[in-house]
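Asker: here is a sequence with its predicted model. Questions after.
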Amino acid sequence: MKSYRHFSIFLLLSVLLIATAAIPVSGQYKNSTPIPPSVPAPDKIDTPFGTLHLTAGFPDKDSTQKLYDNLDFQHAVQAYLLGLPPVSQWANRKGMLAWGPPNTTVPIFETMMNAKTLELTANNNTPYTWFWLDLHAGPLVVEVPPKVLGLIDDMWYHWVADVGITGEDKGAGGKYLLLPPDYKGDVPQGYFVVRPKTFSIWIPWRTFLVDGSPAPGVDMVKKFTKIYPLSQAGNPPALNFVNVSDKAFNTLAPADYSFWEALNQVVQEEPTDPIDPTTLGFWASVGIQKGKPFAPDARMKKILTEAAQVGDATARAIFYRWRGADGYYYPNSAWRIGFIGGYKFEENGARLLDAYESFFFYATGITPAMDTREVGIGSQYMCAFVDSKGDPLEGGKTYRLHLPKDIPVKDFWSVILYDSQTRSMLQTNQQWPAVSSQTKGLQVNPDGSVDVYFGPKAPAGKESNWVQTIPGKGWNTLLRLYGPLQPWFDKTWRPGEIELQK
């Protein structure tokens with residue numbers, strides 16, 4: 001019996017050896033191909049989100065979950081950044097419609113906007129008229145008054161048209177006919193026809209001071225502005241003009257989980273045809289898709305909440321600390337360009353994502369007129385977020401900005417301070433956190449240059465040239481030139497950097 005067991009074991013080992021010898025190693029199969037070492041996945045990968053384990057290229061269950069969590073987070077951050085334009089419009093609309101329903105309510109900042117209103121980088125130089133329209137009921141006519149400068153943007157924050165000085169009426173005033181996205185009816189003569197691609201439409205315009213007073217422009221708006229359905233052209237309804245100057249209300253987009261609920265609302269309400277498939281794909285990847293309920297589970301809610309925080313921080317990093325030389329006006333300067341790739345943020349057919357996404361984090365309104373480079377026409381902007389040493393601007397310190405003589409403007413210039421948290425006008429004891437060529441008592445140096453000061457207290461004797469800042473609050477500034485002249489465009493005139501004062 002013992003010899004039989006030995007023989008059986010010997011026979012089994014012999015069979016295994018023969019079978020093993022018949023199996024060629026990698027590279028010895030009849031159809032084998034050398035595999036580049038860059039192709040196979042390693043059995044173990046250390047990542048910022050944990051260690052991954054794979055067997056013969058197949059991730060285990062725990063690693064698969066980690067990878068999906070990471071993928072969902074990456075998709076969500078990019079979905080957040082791409083969602084900044086429509087959610088900013090959603091917040092803008094929500095804030096303004098608090099004053100009354102669309103189509104019949106016309107808010108006006110009759111004595112300009114001040115820091116009580118939370119609004120992205122608005123100015124305090126010109127009175128705004130700022131209203132929303134709803135085209136669901138059919139075509140609307142907007143009668144635009146003369147001598148205004150305005151625009152029409154849709155709910156996706158796409159530019160639709162200009163009105164007023166840069167619009168088809170060329171500043172003479174006129175009737176604009178807005179047609180809904182699905183309109184297929186007759187189009188009557190006698191109107192400037194506009195075809196928005198969303199039902200919700202935003203129209204802001206500016207009037208200008210006359211002998212230092214906003215009243216003449218505001219009176220003209222109230223006298224000539226009309227909004228009515230095309231069917232009521234013969235009997236336009238009365239409008240409710242609301243003075244919203246010095247009012248505390250919010251038009252800022254959220255940066256928490258509610259961001260996603262706002263984005264979903266816009267996606268459900270508006271045609272998504274104007275949005276490219278990749279952007280819609282990012283939104284769909286986090287559960288926001290036309291005609292489908294948005295119902296993330298607890299895991300996805302946590303990811304979306306974190307992604308909103310990281311997305312907001314990413315937008316701040318991009319805009320406040322731009323990493324390319326193409327974003328600055330001058331070498332070794334802090335003065336930032338607002339439009340990189342023009343008002344469409346494109347170059348050679350490619351969307352410049354960092355420029356596009358961060359602009360809508362910081363600013364309000366989009367139109368080619370904001371990027372017009374014509375001498376004496378429109379306005380030019382540049383912003384600064386750090387001082388001459390590259391350090392963030394702090395509310396507890398004192399700084400000076402030197403504007404050399406012959407500031408190149410046909411109309412006027414202004415320097416306005418904004419809170420780096422809200423991107424809205426800095427809230428201080430001053431009515432307006434600004435100094436401009438319109439400032440009463442502005443001190444001009446003997447050589448024609450101007451020094452502007454920023455700090456908690458005014459330097460002695462410089463009160464009229466000083467903008468108050470608040471210790472503990474970061475701030476940034478926009479320098480605006482209205483009617484810019486040739487020295488601005490050829491850069492023979494250059495503003496100083498913001499210098500920390502000892």
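Answerer: Arrived safely, thanks for sending. Numbers count the residues shown, from 1 in each chain.
Asker: could I get the full set of strands for the stretch 1-150 of the chain?
Answerer: 44-47, 50-55, 58-59, 105-108, 128-134, 140-144, 149-154 (DSSP state E, counting those that start in this stretch).
Asker: of those, which is nearest residue 353?
Answerer: Evaluated with CB to CB, the strands of the stretch 1-150 of the chain place strand 149-154 nearest to residue 353, the distance being 19.9 Å. From N, CA and C alone the C-beta is placed, and that goes for glycine too.
Asker: so how far is residue 130 from residue 109?
Answerer: 7 Å (CB to CB, to the nearest Å).
Asker: for whatever helix or strand residue 302 lives in, packing partners?
Answerer: Using DSSP states H and E, residue 302 sits in helix 298-320. Packing partners of helix 298-320 (3 or more CB pairs under 8 Å, 6 or more residues apart in numbering; DSSP states H and E): helix 61-97, helix 258-269, helix 353-362.
Asker: now tabulate those helices in CSV and tack on distance to residue 368 and mean pLDDT.
Answerer: Below are those laid out as CSV (distance: least, CB to CB, whole Å; pLDDT from 0 to 100):
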stretch, distance to residue 368, mean pLDDT
helix 61-97, 16, 98
helix 258-269, 24, 98
helix 353-362, 14, 96
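Asker: hmm, back to that, mind listing the shared neighbours of residue 109 and residue 130?
Answerer: residue 244 (CB atoms under 8 Å, 6 or more residues apart in numbering).
Asker: so who does the most centrally placed residue in the chain touch?
Answerer: Against the mean C-alpha coordinate of the chain, by CA atoms, centre = their mean, the closest residue is residue 360 at 0.4 Å. Residue 360 sits next to 84-85, 88, 157 when contact means CB under 8 Å, 6+ apart.
Asker: let me see the domain layout of this protein.
Answerer: 100-243, 323-500 (automatic domain parsing).
Asker: what residues sit buried inside stretch 245-263?
Answerer: Within stretch 245-263, the residues scored as buried using 16 or more other CB atoms under 10 Å are 245, 251-255, 257, 259-260, 262-263.
Asker: and those as CSV, adding distance to residue 167?
Answerer: Output for the buried residues of stretch 245-263, formatted as CSV (distance: CB to CB, whole Å):
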residue, distance to residue 167
245, 25
251, 24
252, 28
253, 27
254, 32
255, 34
257, 39
259, 33
260, 35
262, 30
263, 30
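Asker: how close does residue 402 get to residue 463?
Answerer: Between residue 402 and residue 463 the distance is 18 Å, computed by CB to CB.
Asker: please enumerate the strands of the stretch 301-450 of the chain.
Answerer: Counting by DSSP E, counting those that start in this stretch, the strands of the stretch 301-450 of the chain are 336-337, 346-347, 350-351, 379-384, 399-403, 409-419, 434-436, 450-455.
Asker: do you know how far residue 45 is from residue 67?
Answerer: 10 Å.
Asker: go on, residue 318?
Answerer: Counting by CB to CB - residue 318 and residue 67 are separated by 27 Å.
Asker: so between those two, which is more surrounded?
Answerer: Using other CB atoms under 10 Å as the criterion, residue 318 and residue 67 rank with residue 318 on top: 20 against 16.
Asker: run through the stretch 401-502 of the chain and note the low-pLDDT ranges.
Answerer: Nowhere does the stretch 401-502 of the chain drop to pLDDT under 70.
Asker: contacting residues around residue 95?
Answerer: Contacts of residue 95 (CB under 8 Å, 6+ apart): 118-119, 249-252.
Asker: can you tell me the closest non-neighbouring residue to it?
Answerer: residue 251 (3.4 Å; CB to CB, 6 or more residues apart in numbering).
Asker: same check on residue 124?
Answerer: Spatial nearest neighbour of residue 124, chain neighbours left out: residue 432 (4.3 Å); criterion: CB to CB, 6+ apart.
Asker: is it true that the one you found touches residue 117?
Answerer: No: using CB atoms under 8 Å, residue 432 is not in contact with residue 117; the gap is 11.7 Å.
Asker: any shared contact partners between these two?
Answerer: By CB under 8 Å, 6+ apart, residue 432 and residue 117 have these common neighbours: residue 425.
Asker: before we move on, the earlier item: shared neighbours, residue 45 and residue 67?
Answerer: Common neighbours of residue 45 and residue 67 (CB under 8 Å, 6+ apart) are residue 52.
Asker: report the buried residues of stretch 417-431.
Answerer: Result for stretch 417-431 [16+ other CB under 10 Å]: buried residues 417-420, 422-428, 430.
Asker: contacting residues around that stretch?
Answerer: Contacts for stretch 417-431 (CB under 8 Å, 6+ apart): 113-122, 124, 252, 320, 361-363, 385, 392-393, 416, 432-434, 454, 467-470, 473-478.
Asker: equivalent analysis for stretch 140-148, please.
Answerer: Outside stretch 140-148, the residues that reach it (CB under 8 Å, 6+ apart) are 103, 129, 133, 150, 163-165, 167, 169, 171-178, 191, 203, 205-208, 217, 220-221, 223-230, 233, 236.
Asker: and it, end to end?
Answerer: 20 Å (CA to CA, to the nearest Å).
Asker: so where is the stretch 51-200 of the chain shaky, pLDDT-wise?
Answerer: Using pLDDT under 70, nothing in the stretch 51-200 of the chain is flagged.
Asker: try it again at 90.
Answerer: Within the stretch 51-200 of the chain, the stretches with pLDDT under 90 are 182.
Asker: picking that back up, among the domains of the chain, which is nearest residue 54?
Answerer: Using CB to CB, the nearest of the domains of the chain to residue 54 is domain 323-500, at 31.6 Å.
Asker: can I get the strands of the stretch 301-450 of the chain in CSV including distance to residue 307?
Answerer: Converted to CSV, the strands of the stretch 301-450 of the chain look like this (distance: least, CB to CB, whole Å):
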stretch, distance to residue 307
strand 336-337, 26
strand 346-347, 26
strand 350-351, 20
strand 379-384, 27
strand 399-403, 35
strand 409-419, 24
strand 434-436, 36
strand 450-455, 35
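Asker: residue 96 is nearest to which of the ones you listed?
Answerer: Going by CB to CB, the one of the strands of the stretch 301-450 of the chain nearest residue 96 is strand 409-419, 19.8 Å.
Asker: give me the buried positions along that closest one.
Answerer: Under 16+ other CB under 10 Å, the buried positions of strand 409-419 are 409, 411-419.
Asker: likewise for stretch 467-483?
Answerer: For stretch 467-483, using 16+ other CB under 10 Å, the buried residues are 467-470, 473-483.
Asker: can you flag which of the residues you listed belong to strands?
Answerer: 467-468, 475-483 (DSSP state E).
Asker: report the two of the residues you listed separated the most.
Answerer: 468 and 483 (28.2 Å).
Asker: now residue 227. Nearest residue, chain neighbours left out?
Answerer: What sits nearest to residue 227 in space, not counting adjacent residues and going by CB to CB, 6+ apart, is residue 142, at 5.4 Å.
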